[in-house]
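> Could you work out the structure for the sequence below:
(one chain, ligands or ions: 2)
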Amino acid sequence: MLGNFTYHNPTKLYFGDDSLKFLKDELKNYGPVVLLNYGSGSVKRNGIYDQVVAILKEAGKTIVENPGVMSNPTLEKLNEGVKIARENQIDLILALGGGSVCDYSKAVAASVYYEGDYWDKFWLRQEQPDEKQRLLPVGCVLTMAGTGSEMNAGTVITDAEHTFKVGHVFDSRLMPKFSILNPRFTMTVPQEQMKAGIYDIMNHIMEQYFSDFDDNTSDYLSEGLMRSLIHSSRIAVRNPQDYEARSNIMWTATWALNTLLGLGKKEDWMVHMIGHSVGAWTHAPHGYTLAAVSMAYYRRAMKNGLPKFVRFARNVWDIPADGLSEEELAEKGLQALKDWMLEIGLPLTITELGATPDMIPGITGTTVVYPAGYLDLTKDDIAQILKESL
Ligand code: NZQ
Ligand code: ZN
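Ligands and ions are numbered 1, 2, ... in the order given. Here you go, the predicted model:
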């Protein structure tokens with residue numbers, strides 16, 4: 001049975017190949033100083049930066065630039081952004097990039113007017129900003145599909161000094177006020193990152209799907225989204241310039257993690273917890289870290305979650321029952337997942353990401369553990385999953 005919930009998602013989305021034109025209207029809602037956060041240069045090479053800066057200038061904004069937001073943004077870079085924002089009386093933070101830049105912008109927005117140790121309060125203690133605290137508004141021009149950061153309040157930051165990557169999901173005040181999603185902007189994403197994004201989307205849905213056995217609408221939505229993603233991913237890998245496939249992937253990414261699918265049900269997220277830790281140690285693309293630990297994790301989860309894995313096999317992968325036992329059907333579903341991952345070229349081991357056996361105690365140590373969908377893992381279990389993923 002669906003649990004009780006309140007649903008409110010304040011992010012306004014503009015979707016499509018002409019969506020950037022709406023930035024001009026949005027800018028009217030904010031004061032004159034815009035902090036423009038972007039990454040390591042892709043937006044300059046593909047021309048998106050020039051388009052955005054032209055719109056900002058036309059709107060008469062003062063632009064404060066903060067380039068160099070790296071993939072898997074660090075605490076050190078967060079401190080830098082907070083300092084810049086404090087020195088410049090920012091009215092709006094505009095994120096120009098993928099999930100990293102968007103996450104980072106929300107993290108800066110939350111921290112600028114917090115007088116204490118924001119890392120400790122928001123990420124280590126997982127607290128929300130006080131009601132009275134001022135939070136800066138964030139807008140996002142998304143250039144890569146995957147995280148759902150454009151329509152959620154997630155912010156994942158890496159403390160590189162302590163090899164610790166941790167996410168905090170803020171309350172809805174930190175969701176982007178608006179996000180601009182132009183699928184054409186994703187066409188220049190390197191193949192490796194496109195595939196990482198595709199598996200990130202898949203895994204966001206799986207993290208919310210693999211829990212409970214009740215009959216609820218969310219699971220049917222999840223199955224539809226997974227089917228669409230699998231279909232479009234096959235087309236996009238063959239032809240990355242296929243607009244139809246890329247636009248479907250971008251839209252699926254948003255719905256995979258914009259707070260809808262997990263409503264009223266238990267969720268999992270342990271693949272993400274292990275993946276984040278692998279990411280802190282290897283600096284691999286986020287989606288790759290999830291792919292590399294998934295088979296070992298889901299094989300273990302399947303033992304407790306058999307009926308859901310049978311449903312996954314039948315409703316997502318169209319595997320006929322054909323007199324098979326429940327175990328055989330569920331196994332075929334997992335095999336189909338693995339075959340698809342191999343087909344689109346995802347890594348299936350952490351070794352491919354640069355992890356070595358001697359890192360396992362460290363990766364285990366920095367993995368955040370809590371009761372998951374079908375498993376209640378100990379640190380020993382995590383170590384075992386990592387060994388099986390080598
Ligand atoms: O540095 P730039 O120049 O921006 O290059 C990026 C980066 O190297 C490049 N890229 C992005 N758009 C491009 C492009 N290159 C060419 N053309 C374009 N149009 O791609 C690389 C990866 O970008 P990044 O933003 O790091 O990828 P992604 O969107 O996967 O974001 C990953 C971060 O999001 C966090 C991850 O942990 C990681 O830190 N997550 C955030 C979540 C959330 N907010 O809810 C949930 C996720 O599970 C995830 O944890
Ligand atoms: Zn993810």
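
> And the chain, what are its domain boundaries?
12-186, 192-388 (automatic domain parsing).

> nearest to residue 3, of those domains?
Among these, the nearest to residue 3 by Cβ to Cβ is domain 192-388 (4.2 Å). In short, each C-beta sits where N, CA and C put it, glycine included.

> Does the closest one reach ligand 1?
Yes. Contact of domain 192-388 with ligand 1 is found when judged by Cβ under 6 Å from any ligand atom, involving 193, 197, 200, 257, 272, 286.

> Can you get me a residue count around residue 28?
Around residue 28 sit 7 other residues, with neighbours defined as other Cβ atoms under 10 Å.

> Ok, residue 46 next?
Here the neighbour count serves as a burial measure; for residue 46 (other Cβ under 10 Å) it reads 16.

> surely it meets residue 188?
Yes. The criterion here is Cβ atoms under 8 Å, and residue 46 meets it with residue 188 at 4.4 Å.

> quick one on the thing from earlier: please flag which of the residues of domain 192-388 next to ligand 1 sit within helices.
In this view, the residues of domain 192-388 next to ligand 1 that belong to helices under DSSP state H are 193, 197, 200, 272, 286.

> In contact with the fourth one, which residues?
Under the criterion of Cβ atoms under 8 Å, 6 or more residues apart in numbering, the contact partners of residue 272 comprise 167, 203, 207, 290.

> Give the bridge partners for the first one, please.
What it means is residue 167. Each beta-bridge partner of residue 167 is listed here: residue 156, as defined by DSSP bridges.

> If you count contacts, what does the helix or strand hosting residue 204 end up packed against?
Counting by DSSP states H and E, the secondary-structure element that holds residue 204 is helix 191-209. Taking 3 or more Cβ pairs under 8 Å, 6 or more residues apart in numbering; DSSP states H and E as contact, the helices and strands that helix 191-209 lies on are helix 217-238, helix 243-256, helix 270-282, helix 286-304, helix 326-344.

> can you give me the end-to-end distance of stretch 115-128?
14 Å (Cα to Cα, to the nearest Å).

> So what touches it?
Residues from elsewhere that reach stretch 115-128, judged by Cβ under 8 Å, 6+ apart: 75, 78, 82, 107, 110-111, 114, 129, 155, 157, 159, 166-168, 170-171.

> before we move on, the earlier item: where's the helix holding residue 204 relative to the chain centroid, distance-wise?
What separates the centre of helix 191-209 from the centre of its chain is 8 Å, taken as Cα atoms, centre = their mean, to the nearest Å.

> Now it: average pLDDT?
What helix 191-209 shows for mean pLDDT is 98.

> in that helix, what's buried?
Neighbour counts using 16 or more other Cβ atoms under 10 Å place 193-209 of helix 191-209 among the buried residues.

> now swap in stretch 122-138 and tell me
Neighbour-count burial for stretch 122-138, counted by 16+ other Cβ under 10 Å, picks out 122-123, 128-129, 135-138.

> ok so, going back, in TSV: the residues of domain 192-388 next to ligand 1, plus distance to residue 319.
Output for the residues of domain 192-388 next to ligand 1, formatted as TSV (distance: Cβ to Cβ, whole Å):
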residue	distance to residue 319
193	30
197	26
200	24
257	26
272	26
286	29
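
> Nearest to residue 245 among these?
Each of those was scored against residue 245 by Cβ to Cβ, and residue 197 proved nearest at 12.7 Å.

> just checking, the closest one touches residue 146?
Yes. Taking contact to mean Cβ under 8 Å, the distance of 3.0 Å between residue 197 and residue 146 places them in contact.

> is ligand 1 contacted by the helix or strand hosting residue 77?
Using DSSP H and E, the element containing residue 77 is helix 75-88. No. Interface with ligand 1: helix 75-88 contributes nothing (Cβ under 6 Å from any ligand atom), its closest point being 11.4 Å away.

> Packing partners of that helix?
Contact partners of helix 75-88 among helices and strands, from 3+ Cβ pairs under 8 Å, 6+ apart: strand 33-38, strand 62-66, helix 99-111, strand 154-159.

> Buried residues in the second one, which are they?
Read it as strand 62-66. Along strand 62-66, these residues count as buried under the neighbour rule (16+ other Cβ under 10 Å): 64, 66.

> Compute the inter-axis angle for it and helix 99-111.
Here strand 62-66 runs at 110 degrees with respect to helix 99-111, directions being taken by axes from the mean of the first three to the mean of the last three Cα atoms, to 10 degrees.
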